[in-house]
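>>> No letters, just coordinates:
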């Protein structure tokens, strides 16, 4: 293969990689079948002003709405619950082992929305947006880590707490993913689901 052909192949691969990295997200077809159920669950747990667009963005981020999704670390289902977290959550709700079903879409949506509610009651921030940001960071990387970072920051201001990622209990190697998680859901994906209701603005 001559050098011009090799250069052309490399150029094509670079263009494809750039296009994939900059592609605007779209709502997966699978999401549409769960819209009504997610809305019902969210209203039951959070009230009529539930941030449904946020929850939809979170399911999009977690699994792309795939009910059988399994992560490389063993997280299961649409809401990507780790087995230990699912077990703890089910015990907290008094669910039997048979009723603890992370790959069941109804269980996944109900548990994610309920767990988000549990988390938001344990974080602080200057606005609903900032509290959701903190709750999402906690969903992704653990409430204890966020609390330790807030303590190290001596503040509940979002930017100050975020600046302490890796300076408390959490290893700095996990900070990029943990900080990108709420950013992608609230900034990139939430607007995609705005018509579903309950957007939360910065």
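Here it is on my side, so go on. Computed from a predicted model, the values in this text were never measured in an experiment.

>>> Nearest the geometric middle of this protein, what residue?
The C-alpha lying nearest the average C-alpha coordinate of the chain belongs to residue 58 (CA atoms, centre = their mean; 3.9 Å).

>>> Could you check the pLDDT of that residue?
Looking at residue 58, its pLDDT stands at 98.

>>> swap in the one 5 residues further on?
Residue 63 is assigned a predicted lDDT (pLDDT) of 97.

>>> show me what contacts it?
69, 77-80 (CB atoms under 8 Å, 6 or more residues apart in numbering). Any C-beta I mention is one placed from the backbone N, CA and C, and that applies to glycine too.

>>> repeat that with 7 Å
Contacts for residue 63 (CB atoms under 7 Å, 6 or more residues apart in numbering) come out as 69, 77-78, 80.

>>> export these to TSV and tack on pLDDT?
TSV is the format used below for the contacts of residue 63 (pLDDT from 0 to 100):
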residue	pLDDT
69	95
77	96
78	97
80	97
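
>>> Format the residues you listed as JSON lines; extra columns: distance to residue 167, neighbour count and secondary structure.
Shown next, in JSON lines, are the contacts of residue 63 (distance: CB to CB, whole Å; neighbours: other CB atoms under 10 Å; DSSP: H, G, I helix; E, B strand; the rest coil):
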{"residue": "69", "distance to residue 167": "32", "neighbour count": "18", "secondary structure": "coil"}
{"residue": "77", "distance to residue 167": "33", "neighbour count": "26", "secondary structure": "coil"}
{"residue": "78", "distance to residue 167": "33", "neighbour count": "30", "secondary structure": "coil"}
{"residue": "80", "distance to residue 167": "26", "neighbour count": "24", "secondary structure": "coil"}
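
>>> Go through the residues you listed and say which is closest to residue 127.
residue 80 (26.5 Å; CB to CB).

>>> ok, so what distance separates the residue nearest to that closest one when sequence neighbours are not counted from residue 125?
Take residue 80 and drop its neighbours on the chain: the residue closest to it by CB to CB, 6 or more residues apart in numbering is residue 62, 4.2 Å away. Residue 62 sits 22 Å away from residue 125, going by CB to CB, to the nearest Å.

>>> Compare neighbour counts for those two and give me the winner.
residue 62 (23 against 18; other CB atoms under 10 Å).

>>> so where does that one fall, helix or strand?
Using DSSP states H and E, the element containing residue 62 is helix 52-63.
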